[in-house]
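1. Quick one: sequence and predicted model below, then my questions.
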Amino acid sequence: MLRSLSLISILFSFFLVSLNSQAQPEMRKTFLKAEKYLWQHKSAAYQDLYNQLHYYPLQPYLDQSRLINSISINNVKPIHEFLTEYENTPLDWPLRKKWLNYLAKRKKKKLFIQFYKPTSNVELSCQNYQFKLDMGSDADHILPNVTSLWIAKKSQPKVCDPLFKQWKSAGYLTKEVVWKRVRLAADGGDHTLLPYLAKLLPEEEKYLPPLWKKVRANPSYIARTSRFPNKSTKELEIISYGLKRLIWRDPDLALRSYNNYLKKFEFSEQQKEQITLKFALSLASKDHKKADEWLKQVNENLVSSAVIQWRIVNALRGSDWANVKAELQAFPDKYQQSLQWQYWYGRSLMETGDKEAGLSLLTSLAKKRHYYGFLASSHLSIDTSFHHDPIKVTEKEKIDLLSYPSAKRAFELFHIGRYNSARREWNYWLKQLDDRGKLVASRIAYESQWYDRPIFLLSQVGYMNDIELRFPLAYEKDITHFSDTYKIDPAWAFAIARRESSFMADANSGAGAKGVMQVMPNTAKQLKRKKISNKYLFDAKNNIDLGTSYLKKLLDRYDGNQVLATASYNAGPYRVSKWIKNKPPVPADIWIETIPFKETREYVKSVLAYQHIYHSKVGTPGSLFDEIINMSISQ
């Protein structure tokens, strides 16, 4: 038995070696070289390289690329064989899409329908329905499905026009359907659609889309009630939309306007409840004098974590702890279970003289590995509990999981730097695993230095206590080096990288931030005093250099106040400076709670908690949260 286990261990060690970036260097070089010869795939040079890659996990990607680059009606058989073998895997769709577009362009209707798979691609979906109609399918079965394609927030591809024409002729284009699309286009969609949609409405309603367009461009347009003469349900919909936008731009005008409309218009109860909710959240975030009044008007069924957040903040702003306690006691039971509520209620008990009850609540909270748990620990001067419980897996479990072809492809793609493709294969692999298998996969990824996968996966599975996997010392050499260079806390840099990208070197946000520490191109340009390429930003070492340099710059700007520097890294120095301008000193934990932007507020809490954990991993003495509870935030 011992010999058997030893053999398994040896086999797995060998297998892991084959996955790590130093292994199979020749096979990877051969694969990358073969890709360069794909354009002459019939040559002896390519065939020789290809034949060297038998049993190499990424060989199918060469087959896929070859078929994509030589799409032809003469290749029906090999394309069919490939798509059958790799159906629904990440290898499927790139080839299938190219093949379907080829068949559609050449009007190969029967073949198109044969190879078509349901997709979010609108153009191909339209082609599929059109070809089915052309081939004799029952229109009564096909055309009802077209409605969802037409109701879109933007213009649809021209290829859909013949299908939409037939759909319209069959009577599916009703004024209700048109209005649904008006809503989508006006509220966050393509507003240039609105003049076209106006033409499709009855004569008496043609004025509505242009009216909505004006309100979208300038919410204060609703301030004059005379612009809404008919008091129809559709006008009320536009008014409600405008009020919920105006409250964020000009609160006082929004309040006056709403009061005027209430005297002349009959809003539905649902509209009034939604307007009240938006007004309450906006006024509270702006510290408006009427915030408390509106927060108390929110319908109990619409009370959310956001409403609770601002009710807590509204109570804290006056530092009236008796009021804080009374407000918190009035919260619904389900919200009294939150760690946030427990912390502030425990504080209010301590501050109002009920020390025994407060001590009991904070002591229980201090056992949690969480921002509020860490705050509680520091208030009570007790050690933090990290609850590290590593995942225990066997060598056999690892070997069994790594026998999946998708696993082999995922890790090979990761090691040659094809991160998007690697993640697609990883996600496909996970679909085949139960929760136990996913835990094993997390351990394998960590041991292969693919650190972002366990971070995301353990959160999805709900296994939160493996601190090693959830808070890895990724890029340790570079983060430590540049933190020393710029004289900042390395645990802070680790925490920022962990929160920003989960250590994904190719992370790319919708706002344009890039790389491990999500550096904005303009920030990089200012730091280096020259234009910086995306390639430079996606290099982990370069990105960490820029990120830590910027952290130091922010730290100096705020005289060493790391809370403000952290908030600025997320929201920008201009906003943070505005939040503290002409404000009296506030305890740091209360100031963090009052940050107007939810994203920044949660960001600061996360970074502080992560930094505290990384302090324990890098051996930093002292407690970060001892500093926080003794800190005041001021201009």
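-> Perfect, thanks for sending it. Residues are numbered from 1 along each chain as shown.
2. Let's check: the centremost residue of the protein is which one?
-> With distances taken as CA atoms, centre = their mean, Ser509 lies nearest the centre of the chain, 8.7 Å away.
3. Before we move on, what's the pLDDT of it?
-> Ser509 is assigned 95 on the pLDDT scale.
4. Double-check it against Gln518; I have them as touching.
-> Yes - between Ser509 and Gln518 there is a contact under CB atoms under 8 Å: 6.1 Å. Backbone N, C-alpha and C define where each C-beta goes, glycine included.
5. Low-confidence stretches in the stretch 401-550 of the chain?
-> Applying pLDDT under 70 to the stretch 401-550 of the chain flags no residue at all.
6. for this structure, which helix is longest?
-> Across the chain, the longest stretch assigned as helix under DSSP state H is helix 598-618.
7. tell me what it is packed against?
-> Other elements packing on helix 598-618 under the criterion 3 or more CB pairs under 8 Å, 6 or more residues apart in numbering; DSSP states H and E are helix 371-380, helix 490-501, helix 562-571, helix 588-593, helix 624-629.
8. now the angle from that helix to helix 490-501?
-> 140 degrees (axes from the mean of the first three to the mean of the last three CA atoms, to 10 degrees).
9. in helix 598-618, what's buried?
-> Along helix 598-618, these residues count as buried under the neighbour rule (16 or more other CB atoms under 10 Å): 600-615, 617.
10. Stretch 321-339 too?
-> 321, 324-325, 327-328, 331, 335, 338.
11. just checking, Met631 touches Pro587?
-> Yes - the pair Met631 and Pro587 qualifies as a contact (CB under 8 Å) at a distance of 7.3 Å.
12. gap between the two ends of stretch 450-469?
-> By CA to CA, to the nearest Å, the extent of stretch 450-469 from end to end equals 10 Å.
13. Kindly provide the distance from Gln309 to Trp426.
-> 35 Å (CB to CB, to the nearest Å).
14. What residues does the closest residue to Asp626 other than its chain neighbours make contact with?
-> Spatial nearest neighbour of Asp626, excluding adjacent residues (CB to CB, 6 or more residues apart in numbering): Ser378 at 4.9 Å. Counting by CB atoms under 8 Å, 6 or more residues apart in numbering, Ser378 makes contact with 623, 625-626, 628-629.
15. Show me the helices in the stretch 151-300 of the chain, by range?
-> 161-169, 175-186, 194-200, 208-217, 233-249, 251-264, 269-285, 291-295 (DSSP state H, counting those that start in this stretch).
16. Out of the ones you listed, the one nearest Tyr475 is which?
-> helix 269-285 (35.7 Å; CB to CB).
17. For the closest one, buried residues please.
-> Buried residues in helix 269-285, counted by 16+ other CB under 10 Å: 271, 273-285.
18. repeat for stretch 53-68
-> 53, 56-67.
19. which other residues reach that stretch?
-> Outside stretch 53-68, the residues touching it (CB under 8 Å, 6+ apart) are 24, 27, 30-31, 34-35, 38, 41, 50, 75, 78-79, 82, 86, 91, 94-95, 98, 405, 408-409, 412-413, 416, 421.
20. 7 Å instead?
-> Here stretch 53-68 makes contact (CB atoms under 7 Å, 6 or more residues apart in numbering) with 27, 30-31, 34-35, 38, 41, 50, 75, 78-79, 82, 86, 91, 94-95, 98, 405, 408-409, 412-413.
21. Mind checking the pLDDT average for it?
-> Across stretch 53-68, the average pLDDT comes to 96.
22. Ok, stretch 72-85 next?
-> Mean per-residue pLDDT for stretch 72-85: 97.
23. May I see the buried residues of it?
-> Buried, per 16+ other CB under 10 Å, within stretch 72-85: 79, 82-83.
24. got the end-to-end distance for stretch 483-503?
-> Using CA to CA, the end-to-end distance of stretch 483-503 comes out at 16 Å.
25. I should have written stretch 448-456 there, sorry.
-> Start-to-end span of stretch 448-456 (CA to CA) is 16 Å.
26. buried sites along that stretch?
-> Neighbour-count burial for stretch 448-456, counted by 16+ other CB under 10 Å, picks out 448, 450-455.
27. ok, now stretch 218-229?
-> Within stretch 218-229, the residues that qualify as buried are 219, 221-223, 228, counting by 16+ other CB under 10 Å.
28. measure the residue nearest to the centre of the chain to Asn75 for me?
-> According to CB to CB, Ser509 and Asn75 sit 40 Å apart.
29. One more: Pro584?
-> To Asn75, Pro584 is 74 Å away according to CB to CB.
30. One more: Leu401?
-> Applying CB to CB, the value for Leu401 to Asn75 is 35 Å.
31. One more: Gly318?
-> As judged by CB to CB, Gly318 and Asn75 stand 74 Å apart.
32. these two touch, right, Asn543 and Val519?
-> Yes - using CB atoms under 7 Å, Asn543 is in contact with Val519, at 5.8 Å.
33. overlap in contacts of those two?
-> What both Asn543 and Val519 touch, as defined by CB under 7 Å, 6+ apart, is the set Leu537.
34. Ala366 is in contact with Ile382, correct?
-> Yes - contact criterion CB under 7 Å: Ile382 and Ala366 qualify, at 5.8 Å.
35. Adding secondary structure and distance to Glu351, write the buried residues of stretch 72-85 out as CSV.
-> Formatted as CSV, the buried residues of stretch 72-85 follow (DSSP: H, G, I helix; E, B strand; the rest coil; distance: CB to CB, whole Å):
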residue, secondary structure, distance to Glu351
Ile79, helix, 72
Phe82, helix, 69
Leu83, helix, 67
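36. Among those residues, find me the one that's closest to Ser459.
-> Closest approach between the buried residues of stretch 72-85 and Ser459, by CB to CB: Leu83, at 33.9 Å.
37. Return the per-residue confidence for Lys334.
-> The model's pLDDT for Lys334 equals 88.
38. Where does it sit: helix, strand or coil?
-> When classified by DSSP: H, G, I helix; E, B strand; the rest coil, Lys334 comes out as helix.
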